[in-house]
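please work out how this folds:
(one chain, ligands or ions: 1)
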Amino acid sequence: MPNQREPCMRRGIRWTAPQFQQQMNDSLPRVEAALMQVVGQQDELQCTMCLLLSGPFSNCVSVRGIDDLSACANCHWIQEDTSAITRLSSRLKHLEILQHMEEGTRLMKAFTDELRMVLESSQSLEAQLEGLQRRLTDANTAIAVTGQPM
Ligand SMILES: [Zn+2]
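Purely as a prediction, here's the structure:
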């Protein structure tokens, strides 16, 4: 497999080359994960773990076509390898969350529209009330002047 990129660390992770080497020496999956970063394909839609900023790499990169390596390099680094189905379902969940957010925005807009209508009608009620109060004051003034109800 040809090299695609240098392993790129997440913002906030400032390992020197020897420190990175030392981190890798911790376990074989970490060495594999670094290798996956170099030769794998970057996924346009990040997996849930990458969205949660798990693992040290800045990109969600996975190697396709190898059954044992269905997880991305970050997941492999933290050894949260998931099956392709789990990975797919986590993406689905992500899409569902997006859909819920869209639904939330739609509901919020409907609520805002309703609120605006209520406000407008309450303003017209207020105007009517003001008119009635004015007429009542006029009527009371008339009673006071003539001593007779209108
Ligand atoms: Zn990922």
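
pLDDT score for the residue nearest to V61 when sequence neighbours are not counted?
Leaving out its chain neighbours, the residue that sits closest to V61 by CB to CB, 6 or more residues apart in numbering is G40, at 4.2 Å. Quick note: C-beta positions are derived from backbone N, CA and C, even for glycine. Reported pLDDT at G40 in the predicted model: 91.

and for G40, the neighbour number?
G40: 23 surrounding residues under other CB atoms under 10 Å.

what residues are up against it?
Listed by CB atoms under 8 Å, 6 or more residues apart in numbering, the contact partners of G40 are 4, 61-64, 72-73.

what pLDDT does the model give the residue nearest the centre of the chain?
Centroid-nearest residue in the chain, with CA atoms, centre = their mean: L98, separated by 6.8 Å. With respect to pLDDT, L98 scores 82.

which strand or helix spans it?
Here L98, judged by DSSP states H and E, is contained in helix 84-146.

now L53, nearest residue through space, not along the chain?
Nearest one to L53, counting by CB to CB, 6+ apart, is R10 at 6.6 Å.

for this structure, give me the ranges with low pLDDT.
67-69, 80-88, 147-150 (pLDDT under 70).

what is the helix or strand in which Q22 is found packed up against?
Here Q22 sits within helix 17-25, counting by DSSP H and E. When contacts are defined as 3 or more CB pairs under 8 Å, 6 or more residues apart in numbering; DSSP states H and E, helix 17-25 sits against helix 28-39.

can you give me the angle the helix it packs on makes with helix 17-25?
Inter-element angle recorded for helix 28-39 and helix 17-25: 120 degrees (by axes from the mean of the first three to the mean of the last three CA atoms, to 10 degrees).
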